[in-house]
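**Q** Sequence and predicted structure, then a few things I'm wondering about:
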Amino acid sequence: MTPDLFDAGPSPADRAAELRAQLHHHAYRYYTLDEPEIPDAEYDRLFRELQEIEAAHPELQTPDSPTQRVGGAVLKALAPVRHMVPMLSIRTETDTEASGAVAFDARVRRELGLGDSDPPVDYLAELKFDGLAMSLRYEQGVLVRAATRGDGETGEEVTHNVRTIGQIPLRIDGAVPAVLEVRGEVYMRRDDFEALNERQRARIAAGAKGEKTFVNPRNAAAGAVRQLDSGITRERPLSFFAYSWGEVLGDENPPATQFDWLMRLKAWGFPVAEQTTLCQGADALVAFHQRIGAARDQLPYDIDGVVYKVNSLALQKQLGFVTREPRWAVAHKYPAQEQLTTVLAIDVQVGRTGKLTPVAKLAPVFVGGVTVTNATLHNELEARRKDVRVGDTVVVRRAGDVIPEVVSVLPEKRLGDPPPFTMPSQCPVCGSAAVREEGEADHRCTGGLFCGAQRKQAILHFAQRRAVEIEGLGDKLVEQLVDSGVVKTLPDLYRLGLTALLALDRMADKSAQNVLAALEKSKQTTLARFLFGLGIRHVGEATAKDLARHFGQLDAVMDASVEQLLEVNDVGPVVAQSIRTFFEQPHNREVVEQLRACGVHWDESEPEARAPKPLAGKTFVLTGTFPTLSRDQAKDLLEAAGAKVAGSVSKKTDYVVAGTEAGSKLEKAQALGVAVIDEAAMLALITHPLDG
């Protein structure tokens with residue numbers, strides 16, 4: 001038989017099956033193990049290939065295909081689902097102290113007829129997730145239905161939404177029962193919740209209609225799962241933990257313990273909380289409760305307690321149920337993370353970057369394990385959307401390291417008609433104008449150089465290496481200088497004397513002399529560095545350089561109109577208005593003039609239109625150590641001459657300036673045939689550029 005001359009490759013059906021297997025594998029590595037084997041771009045390439053095959057051959061699409069996670073199905077209503085095995089609730093131990101675990105163990109031992117001389121009972125201790133209970137039904141290893149708990153007997157079908165959750169397998173490989181119902185919790189991580197609310201706040205600030213922020217991760221997760229449009233669910237990052245099972249048919253070798261069941265689910269690809277622990281007796285349960293309680297705030301998700309279960313399934317059967325609650329399990333709570341209290345006042349705090357935040361002053365309330373007296377309202381838009389007013393009864397939430405916040409108001413408890421909150425037009429700390437830029441949710445103080453709340457941040461920014469550069473002026477020293485009252489504004493730095501420095505903690509004579517020398521050295525700078533050091537909002541290092549080149553002189557920048565600023569390269573309306581607003585503040589102009597009076601200076605030049613640009617259009621890359629210039633100085637000279645300084649070598653690079661100990665950039669330049677020059681040749685090009 002003559003062999004085929006050409007290999008036609010796998011059939012579409014075989015290739016689709018191969019891609020599904022690869023994508024299932026990589027999704028498990030990414031979502032469940034957090035150990036991806038391939039980059040996102042490669043996963044996306046495989047995914048697109050499978051999409052194309054299924055689009056060309058619709059008959060090859062299967063319910064377990066990864067393409068079914070994408071979302072987009074819109075239902076008219078959620079269909080009811082009757083649970084073949086009821087999803088029963090667990091009794092709650094209201095005693096939040098360790099004695100709750102002791103009481104549960106005592107009840108179990110009594111029900112089992114165990115005496116003091118009998119061995120301790122084995123328990124499985126788990127986290128009690130603050131999410132939405134979910135039932136996942138698999139037939140022949142394929143996910144066919146997902147349903148909420150509902151009333152325990154009947155839930156709602158949400159399969160279209162659950163398919164969008166990456167941690168939930170669409171197919172289980174290996175020896176799987178013919179019917180397997182996996183139960184667990186759909187939840188939202190705290191960081192995902194915060195990111196979601198940030199996106200929502202941005203949409204609200206941009207004027208989007210019908211948008212809102214979410215009260216807490218649990219409500220956000222529950223709302224996402226019950227969406228009729230799975231496209232919306234996919235935009236809201238959900239996670240899943242498995243912790244139990246329901247109906248199981250065709251299981252030839254069922255496990256004998258709760259723990260073995262969980263390990264089985266884990267082996268099938270379901271995420272199981274790593275804190276799940278086997279415990280022997282009451283003392284071990286108490287230790288688990290205390291350990292998890294201490295770590296609760298550091299968990300990446302919310303829990304409201306722990307759960308204890310008798311580990312042996314035979315003993316579970318012996319213990320049975322009482323009023324539809326299992327005698328063999330209990331939920332042991334922690335202090336609540338949400339409580340009711342009253343708003344006594346609404347103050348406005350100013351952050352280190354000038355952001356104004358309304359803060360509700362509260363009647364003290366114990367929530368999340370601590371007494372809370374302040375809670376953030378985020379910004380004016382959020383405060384007005386929630387309609388928080390002085391005197392209101394509100395729900396306060398504290399979870400993990402998140403700052404306590406007012407999540408909702410009980411309007412039915414409001415007395416009278418107190419005025420709605422309005423953000424002040426002036427900074428409550430320094431009196432400078434407080435503005436909210438178009439498209440942003442936050443108000444900010446415009447007195448960055450003068451405002452006491454921003455003092456430390458302003459000094460650190462001014463002193464950094466890429467700005468004016470005051471060597472040795474770091475966080476700890478700035479904190480001491482500001483907290484002691486020695487430095488209140490930037491010019492105070494240049495008025496420091498040896499006596500004042502030596503009075504600081506751990507400041508020796510040599511260190512003080514070094515600081516004074518660094519301050520003296522920093523007085524000689526460049527206009528671009530000085531502008532960047534002022535900390536004008538939206539003015540980064542590149543924009544500062546563009547401003548310096550375009551205007552040449554500080555006074556020209558300070559007096560420029562918005563229209564004139566818009567003529568500068570890459571300066572748009574937002575940046576132009578920010579610069580204009582900054583220099584319109586008398587406090588800021590006063591600080592600038594005082595810095596000049598203290599001796600801070602630079603070489604000024606003619607505006608850009610009159611100054612030649614010998615290296616315009618040329619791209620340089622710097623590598624190694626130069627004889628007389630630092631890398632930053634060399635970059636400044638090149639950019640002043642119109643050149644672009646790139647960070648990596650490519651075919652578009654015109655010159656690589658190499659010093660001693662040049663590394664891989666030099667090797668790449670040689671391989672690509674890019675011209676390599678030294679510092680002297682670079683300086684010659686700046687003063688006498690080559691034609692072409």
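**A** Perfect, I can see it now.
**Q** For Val310, grab the count of nearby residues.
**A** 27 (other Cβ atoms under 10 Å). Just so you know, the C-beta spots here come from the backbone N, C-alpha and C atoms, and that holds for glycine as well.
**Q** check contacts around it.
**A** With contact set as Cβ atoms under 8 Å, 6 or more residues apart in numbering, Val310 has these partners: Val108, Val121, Asp122, Tyr123, Leu124, Gln258, Gln316, Leu319, Trp328, Ala329.
**Q** what's the distance between the closest residue to the second one other than its chain neighbours and Tyr243?
**A** In space, not counting the residues next to it along the chain, Val121 is nearest to Val108; the distance is 5.7 Å by Cβ to Cβ, 6 or more residues apart in numbering. Per Cβ to Cβ, to the nearest Å, Val108 is found 19 Å from Tyr243.
**Q** Give me the more crowded residue out of those two.
**A** Tyr243 (24 against 21).
**Q** Can you give me the distance of the more buried one to Lys266?
**A** 11 Å.
**Q** what's the answer for Gly113, then?
**A** 34 Å.
**Q** The two: who's more crowded?
**A** Neighbours were counted for Gly113 and for Lys266 using other Cβ under 10 Å; Lys266 has more, 15 against 8.
**Q** so Pro424 is in which element?
**A** Using DSSP states H and E, Pro424 is not contained in any helix or strand.
**Q** Same question for Leu19.
**A** helix 12-27.
**Q** contacting residues for the residue nearest to Val121?
**A** For Val108, the contact set (Cβ under 8 Å, 6+ apart) comprises Val121, Val310, Leu319, Arg327, Trp328.
**Q** So what's the residue count around the residue nearest to the fourth one when sequence neighbours are not counted?
**A** Across the structure, with Cβ to Cβ, 6+ apart as the measure, the residue nearest Arg327 apart from its sequence neighbours is Leu319 (4.2 Å). Counted with other Cβ under 10 Å, residues neighbouring Leu319 total 18.
**Q** Distance-wise, check Leu319 relative to Leu112.
**A** Leu319 is 7 Å from Leu112, by Cβ to Cβ.
**Q** residues shared between the contacts of the two?
**A** Common neighbours of Leu319 and Leu112, using Cβ under 8 Å, 6+ apart, do not exist here.
**Q** Give me the three-state assignment for the most centrally placed residue in the chain.
**A** Nearest to the mean C-alpha position of the chain, by Cα atoms, centre = their mean, lies Asp191 at 5.1 Å. The three-state label given to Asp191 by DSSP: H, G, I helix; E, B strand; the rest coil is helix.
**Q** likewise the one 5 residues further on?
**A** Three-state secondary structure (criterion: three-state DSSP) places Leu196 in helix.
**Q** Can you list the residue ranges for helices in the stretch 451-600 of the chain?
**A** 455-463, 475-483, 490-493, 498-502, 509-522, 527-533, 541-551, 554-559, 562-565, 573-584, 586-597 (DSSP state H, counting those that start in this stretch).
**Q** okay, the angle between the first one and helix 475-483?
**A** With axes from the mean of the first three to the mean of the last three Cα atoms, to 10 degrees defining the directions, helix 455-463 sits at 130 degrees from helix 475-483.
**Q** tell me the average confidence for helix 455-463?
**A** Across helix 455-463, pLDDT averages out at 92.
**Q** What is it packed up against?
**A** When contacts are defined as 3 or more Cβ pairs under 8 Å, 6 or more residues apart in numbering; DSSP states H and E, helix 455-463 packs onto helix 475-483, helix 490-493, helix 527-533.
**Q** export these to JSON lines and tack on mean pLDDT, mean neighbour count and distance to Ile303?
**A** Below are those laid out as JSON lines (pLDDT from 0 to 100; neighbours: other Cβ atoms under 10 Å; distance: least, Cβ to Cβ, whole Å):
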{"stretch": "helix 475-483", "mean pLDDT": "91", "mean neighbour count": "16", "distance to Ile303": "35"}
{"stretch": "helix 490-493", "mean pLDDT": "95", "mean neighbour count": "21", "distance to Ile303": "47"}
{"stretch": "helix 527-533", "mean pLDDT": "95", "mean neighbour count": "24", "distance to Ile303": "46"}
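**Q** wait, which of these is closest to Leu180?
**A** Closest to Leu180 of these, according to Cβ to Cβ: helix 475-483, at 55.5 Å.
**Q** which other residues reach the closest one?
**A** Here helix 475-483 makes contact (Cβ under 8 Å, 6+ apart) with Arg455, Lys456, Ile459, Leu460, Ala463, Val487, Lys488, Leu493, Leu496, Leu504, Asp505, Val515.
**Q** For the nearest residue to Thr341 once chain neighbours are set aside, give me its contacts.
**A** In space, and not counting its chain neighbours, Thr341 is closest to Val365: 3.9 Å by Cβ to Cβ, 6+ apart. Applying Cβ under 8 Å, 6+ apart to Val365 gives the contacts Gln339, Leu340, Thr341, Thr371, Val372, Val396.
**Q** Show the model's pLDDT score for Val365.
**A** 88.
**Q** quick one: Asn197 and Thr213 touch, right?
**A** Yes: judged on Cβ atoms under 8 Å, Asn197 makes contact with Thr213 at a distance of 4.7 Å.
**Q** ok, the closest residue to Val307 other than its chain neighbours to Thr357 distance?
**A** Distances taken as Cβ to Cβ, 6+ apart put Glu126 closest to Val307, at 4.6 Å, once the chain neighbours are dropped. Going from Glu126 to Thr357 by Cβ to Cβ gives 38 Å.
**Q** Kindly report the same for Val307.
**A** For Val307 relative to Thr357 (Cβ to Cβ), the value is 38 Å.
**Q** Kindly report the same for Gly391.
**A** Following Cβ to Cβ, the distance that separates Gly391 from Thr357 is 21 Å.
**Q** out of these two, which sits in the busier spot?
**A** More neighbours surround Thr357 than the other of Gly391 and Thr357, with 20 against 13 (other Cβ under 10 Å).
**Q** quick one, what contacts the more buried one?
**A** Applying Cβ under 8 Å, 6+ apart, we find Thr357 in contact with Val348, Gln349, Val350, Gly351, Thr376, Leu377, His378, Asn379, Asp442.
**Q** what packs against the helix or strand where the second one lies?
**A** Remark: Gln349 resides in strand 338-350, with elements defined by DSSP H and E. Under the contact definition 3+ Cβ pairs under 8 Å, 6+ apart, strand 338-350 sits against strand 355-367, strand 393-397.
**Q** of these, which approaches Val225 most closely?
**A** Nearest to Val225 among the helices and strands packed on strand 338-350 is strand 393-397 (20.5 Å), distances taken as Cβ to Cβ.
**Q** I'd like the average pLDDT over the closest one.
**A** Mean pLDDT, strand 393-397: 88.
**Q** what about the chain, any weak spots by pLDDT?
**A** 1-8, 30-36, 39-41, 69-76, 94-96, 369, 399-402, 608-612, 689-692 (pLDDT under 70).
**Q** As PDB, could you dump the C-alpha coordinates of the helix or strand where Cys279 lies?
**A** Here Cys279, judged by DSSP H and E, is contained in strand 277-280. Extracted C-alpha coordinates of strand 277-280, given in PDB (Å, rounded to 0.1, in the frame of the first residue of the first chain):
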ATOM      1  CA  THR A 277      -7.600  20.600  58.900                       C
ATOM      2  CA  LEU A 278      -8.200  17.300  60.700                       C
ATOM      3  CA  CYS A 279      -8.600  17.900  64.400                       C
ATOM      4  CA  GLN A 280      -8.800  15.400  67.300                       C
END
